[in-house]
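Colleague: This is a predicted model, with the sequence first.
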Amino acid sequence: MSTINFSQLKPLAIFSLVVESGSFAAAARKLNTSRSRVSEQVSGLEEALGIRLIQRSTRQLAVTPEGDRIYQLARTLPEVLNDVEAIGQPAVPSGRVALTVTHDVGIKHLAPVLEGFCQRYPQIQLDLVVSDQPLDLIGEQIDLGIRIGFPKDDSLVARVLHQEAFSLYASPAYLTQHGTPASATDLEQHRWITLFQSGSDGAQHLIHQDNSLTIRPTNFFRTSSPLMMQQMICDGLGMGCLLPVTVKQELADGRLVQVMPEIGSERLVFTLLYPSRRQIPQRVRCLIDYLLEAKLFG
């Protein structure tokens with residue numbers, strides 16, 4: 001039965017470096033450690049193997065015949081171990097990172113900051129999975145996701161990016177044609193643009209002066225895309241609930257106006273999701289830190 005195990009790989013690499021360097025001191029300088037520590041590693045390897053690898057003297061060291069044979073087999077280990085370490089902690093972060101995001105957040109908030117990420121990490125490449133449906137990060141092998149709310153899966157880590165409540169919006173053209181609502185009853189008489197994800201009956205669960213308010217429009221369009229919803233409201237097809245941060249430009253351009261500002265919703269939380277807090281690849285950690293720093297939502 002073999003007397004050596006995988007724990008001796010590092011001592012073998014150190015032994016090989018000592019042979020190549022010609023002394024314990026020279027090897028220690030290359031490893032940025034002490035001569036005594038290098039000597040201990042080689043002595044431990046000799047004890048595990050039960051043979052002398054190096055004959056020491058005050059002036060020089062001499063490799064034994066057994067040591068030379070082992071050196072010939074192990075001399076590539078330092079380079080192999082360096083290459084393995086470089087994969088986990090490369091000097092320059094590199095590789096591909098998969099990130100899933102909804103269309104509206106991806107186009108309006110993520111895309112504008114990507115050039116800065118490329119400038120900082122030119123060797124990291126992104127796979128952007130744009131979907132308005134929640135995806136299984138682990139099952140789909142996606143590194144990160146930007147979503148609304150906290151995950152139900154305890155294996156996912158959630159970092160808060162932004163918090164905000166919905167407000168009511170419509171286009172000036174729509175209000176000119178259909179009138180500006182002044183009450184909850186008025187709201188129910190208007191045509192609404194809603195999301196499939198909010199339910200099949202078009203009901204809007206809102207808050208008015210700290211009290212729950214449910215609007216049940218009799219006429220509404222539905223879409224599965226928040227970005228399409230924004231466009232439909234801008235085009236005057238109806239009114240709807242939008243997040244202020246996603247329509248800043250439309251408000252500034254006069255394409256949208258806020259309706260009944262006293263009505264809103266509970267605060268929604270945008271989170272950055274990823275599968276684990278431990279052993280995160282460097283390329284993924286770089287993107288996590290960048291997105292938290294970039295303040296996507298202003």
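Modeller: Looks like it arrived, so ask away.
Colleague: Mind listing residues that contact the longest helix anywhere in the chain?
Modeller: Using DSSP state H, we find that the single longest helix of the chain is helix 35-49. Residues external to helix 35-49 that are found in contact with it (C-beta atoms under 8 Å, 6 or more residues apart in numbering): 3-4, 8, 10-12, 14-15, 18, 24-25, 27-28, 31, 52-54, 70. C-beta coordinates here come from the backbone N, C-alpha and C atoms, glycine included.
Colleague: just stretch 242-251 next, same as before
Modeller: Against stretch 242-251 from outside (C-beta under 8 Å, 6+ apart): 104-105, 108-109, 162, 164-167, 169, 226, 229-230, 233-234, 256-258, 268, 297-298.
Colleague: From the residues you listed, which land in strands?
Modeller: Among the contacts of stretch 242-251, the members falling in strands (DSSP state E) are H162, E164, A165, F166, S167, Y169, V257, Q258, L268.
Colleague: and the least confident of those residues?
Modeller: Across the ones in strands among the contacts of stretch 242-251, no position has a lower pLDDT than L268, which has 90.
Colleague: Next one: the nearest residue to that one once chain neighbours are set aside relative to F270, how far apart?
Modeller: Spatial nearest neighbour of L268, excluding adjacent residues (C-beta to C-beta, 6 or more residues apart in numbering): I148 at 5.3 Å. The span separating I148 from F270 equals 6 Å under the rule C-beta to C-beta, to the nearest Å.
Colleague: Also C241?
Modeller: If you measure C241 against F270 using C-beta to C-beta, the figure is 16 Å.
Colleague: before we move on, what about L81?
Modeller: According to C-beta to C-beta, L81 and F270 sit 41 Å apart.
Colleague: More neighbours: those two, which one.
Modeller: Per other C-beta atoms under 10 Å, whichever of L81 and F270 has more neighbours is F270, with 22 against 15.
Colleague: tell me which residues of stretch 9-29 are tucked away?
Modeller: By neighbour count, and taking 16 or more other C-beta atoms under 10 Å as the criterion, the buried residues in stretch 9-29 are 11-19, 21, 24, 27-28.
Colleague: what residues does that stretch touch?
Modeller: Under the contact criterion C-beta under 8 Å, 6+ apart, stretch 9-29 has outside partners 30-31, 34-35, 37-39, 41-42, 44-45, 48, 53-54, 60-61, 63, 67, 70-71, 74-75, 77-78, 80-81.
Colleague: Across the sheet, point out what pairs with the residue lying closest to F297 once chain neighbours are set aside.
Modeller: In space, and not counting its chain neighbours, F297 is closest to H162: 3.7 Å by C-beta to C-beta, 6+ apart. Taking DSSP bridges as the rule, H162 bridges to F270.
Colleague: cool, and L168?
Modeller: Those that pair with L168 in a beta bridge, by DSSP bridges, are C241, V259.
Colleague: I'd assumed L256 was in contact with it.
Modeller: No - L168 lies out of contact with L256 (C-beta atoms under 8 Å); the separation is 10.2 Å.
Colleague: Low-confidence bits of this protein, can you list those?
Modeller: Applying pLDDT under 70 to the chain flags residues 1-6, 57-59, 82-90, 277-278.
Colleague: Show me it divided up by domain.
Modeller: 6-88, 90-298 (automatic domain parsing).
Colleague: tally of neighbours for Q72?
Modeller: The number of residues packed near Q72 is 11, by other C-beta under 10 Å.
Colleague: quick one: buried residues of the host helix or strand of it?
Modeller: With secondary structure defined by DSSP states H and E, Q72 is part of helix 65-74. Neighbour counts over helix 65-74 (16+ other C-beta under 10 Å) mark G67, I70, Y71, A74 as buried.
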